[in-house]
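Engineer: Here is a sequence with its predicted model. Questions after.
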Amino acid sequence: MADPSESVQQAPIAEWARQITAAESRSISALAPLCASLEFQRAVALCLGCRGRVVISGLGKSGLAGQRIAASLRSTGTAALFLHPVEAAHGDLGLVARGDVALLISKSGENPEVFGLIPLFRRIGVPIIALTAAGGSEIARSADLVLDIGPVRELAPLPEVPIVSTLLFQTVGDVLTVVLFRLRGFTAEDFAFLHPGGILGRRVTRRVRDAMHAGDELPLVRENTLLTDALVEIMEKRLGMTCVVGPAGRLEGVLTDGDLKRILHRTGGSIQDLRVGEVMTRGARTIAADELLVTALARMENNQPSAITSLVIVDEEGCPEGVLHIHDCLKMPPER
């Protein structure tokens, strides 16, 4: 019997992978005109104005893509469900009501089970969006709106397997999902509310106070501290910075590794007589202790004119009570 590992070693797997990923990338890029079209905007408006739910249906791989789209919509603030076209004809049509919007997914646009839903949806008064690769198909002609991904070139040597088309359906669904949650103003706090369980829930519901460095871990110096002593504080606390407070204990600024490098370059290493207040960065970026970690992470990443790595947590008096480093936002929370 031939050793399977030999055939694996002899196969040009790396070249196949390059060809497959390149083909899929080209196909996704070709979706841009569709997703920027007036027809897509109308589909967005229908879903956004929907008083009920976005009801998604499809069969086979298209149905699996539809299930994923429905799950993504639900998790980001758009009420959605997947309706199996066969089960719909055996009682599950009761899930659909006036005020819903239907999204029917079919590569050929001629699937009889999916097409059979159209007169049923018409009777209820549900507008229909067709997502298909055949804009002239029966399903497309019967729909109110058509999102046509165009002719799809599936992967050789088995173009019968709907790999690229399924990917493109999911991509259109991703664009629809993101556009809708942006238009709804869906926030990290909203996302956390909808994901309270499991690892994801533990990650997104964590607050700044759960991860900040406080107490003995808080790097802190006064404005009149010698720069050499501040350097020791930064090195010992290992956060790449230290908070700087004034006589009343309120936050006046921060001193970072970057500040020290610039000072050493400017002075040629002569810093023995410098005080922190002479060289610190004033106007530190702060955040409240009860903010979500995902909010803190976004604030650091989107800071202008450039991203930063730390935020200072201050109390009501303006005194520092903690420091949050960007790495703290990315750590997996402990099991409960």
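Structural biologist: It's in.

Engineer: Tell me the spacing between the closest residue to Ile69 other than its chain neighbours and Ala70.
Structural biologist: Using C-beta to C-beta, 6 or more residues apart in numbering and skipping residues adjacent in sequence, the residue nearest Ile69 is Gly173, 3.3 Å away. The way it works is simple: take the backbone N, C-alpha and C, and place the C-beta from them, glycine included. For Gly173, the distance to Ala70 equals 9 Å [C-beta to C-beta, to the nearest Å].

Engineer: Now the phi/psi pair for Arg51, please.
Structural biologist: phi -80, psi -20 (degrees, to the nearest 10).

Engineer: Return the residues in contact with it.
Structural biologist: Shown in contact with Arg51 (C-beta atoms under 8 Å, 6 or more residues apart in numbering): Gly99.

Engineer: just to revisit the earlier point, the residue nearest to Ile69 belongs to a helix?
Structural biologist: Yes - Gly173 sits within a helix when classified using DSSP: H, G, I helix; E, B strand; the rest coil.

Engineer: Helix, strand, or coil at Leu81?
Structural biologist: Following three-state DSSP, we place Leu81 in the strand state.

Engineer: Over to Ile313?
Structural biologist: strand.

Engineer: what sits against the residue lying closest to it once chain neighbours are set aside?
Structural biologist: Nearest residue to Ile313, sequence neighbours excluded (C-beta to C-beta, 6+ apart): Gly322, at 3.9 Å. Contact analysis of Gly322 by C-beta under 8 Å, 6+ apart lists 208-209, 212-214, 218, 289, 312-313.

Engineer: And Ala140, how close does it get to Cys47?
Structural biologist: For Ala140, the distance to Cys47 (C-beta to C-beta) stands at 18 Å.

Engineer: cool, Asp273 as well?
Structural biologist: Counting by C-beta to C-beta, the gap from Asp273 to Cys47 is 65 Å.

Engineer: quick one, phi/psi of Pro146?
Structural biologist: Careful, residue 146 is Val; it's not Pro. Backbone torsions for Val146, taken as degrees, to the nearest 10, come to phi -130, psi 120.

Engineer: Got the confidence number for the closest residue to Ala65 other than its chain neighbours?
Structural biologist: Leaving aside its chain neighbours, Ala65 sits nearest to Phe169 (4.1 Å; criterion: C-beta to C-beta, 6+ apart). We have a pLDDT of 97 for Phe169.

Engineer: Gln19 too?
Structural biologist: On the pLDDT scale, Gln19 is placed at 92.

Engineer: for the one 3 residues further on, same thing?
Structural biologist: Model confidence at Ala22, expressed as pLDDT, equals 94.

Engineer: repeat for Arg262
Structural biologist: Looking at Arg262, its pLDDT is 83.

Engineer: State whether it is indeed within a strand.
Structural biologist: No - counting by three-state DSSP, one finds Arg262 to be helix, located in no strand.

Engineer: Could you measure from it over to Val254?
Structural biologist: Plainly put, Arg262 is 14 Å away from Val254 if you go by C-beta to C-beta.

Engineer: Have a look at these two and say which one is more surrounded.
Structural biologist: Ranked by neighbour count (other C-beta atoms under 10 Å), Arg262 and Val254 place Val254 first, with 25 against 12.

Engineer: ok now do that one, which residues does it touch?
Structural biologist: By C-beta under 8 Å, 6+ apart, the contact set of Val254 is 241-244, 280-281, 284, 310, 312.

Engineer: Tell me which two of those sit farthest apart.
Structural biologist: The distance between the two most remote of the contacts of Val254 (C-beta to C-beta) is 13.8 Å, for Met280 and Ser310.

Engineer: domains for the chain, by residue range?
Structural biologist: 15-186, 208-330 (automatic domain parsing).

Engineer: wait, what's in contact with Leu155?
Structural biologist: Here Leu155 is in contact with 20, 23, 161, 163-164 (C-beta under 8 Å, 6+ apart).

Engineer: now the residues you listed in CSV, with secondary structure and distance to Ala30?
Structural biologist: Formatted as CSV, the contacts of Leu155 follow (DSSP: H, G, I helix; E, B strand; the rest coil; distance: C-beta to C-beta, whole Å):
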residue, secondary structure, distance to Ala30
Ile20, helix, 16
Ala23, helix, 11
Val161, coil, 20
Ile163, helix, 16
Val164, helix, 10
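
Engineer: Of those residues, keep whichever come out buried.
Structural biologist: 23, 163-164 (16 or more other C-beta atoms under 10 Å).

Engineer: ok, the residues you listed vs Glu154, which is closest?
Structural biologist: Proximity of those to Glu154 (C-beta to C-beta) peaks at Val164, which lies at 5.2 Å.

Engineer: Show the pLDDT at that closest one.
Structural biologist: pLDDT recorded at Val164 is 95.

Engineer: list the contacts for it?
Structural biologist: 23-24, 27, 152-155.

Engineer: are any of the residues you listed buried, and which?
Structural biologist: Among the contacts of Val164, those scoring as buried are 23-24, 27, 152, 154-155 (criterion: 16+ other C-beta under 10 Å).

Engineer: ok, the nearest residue to Val279 once chain neighbours are set aside - how many residues close by?
Structural biologist: Excluding the flanking residues, the one nearest Val279 by C-beta to C-beta, 6+ apart is Ile263, at 5.3 Å. Counted with other C-beta under 10 Å, residues neighbouring Ile263 total 18.

Engineer: Brilliant, that's me finished.
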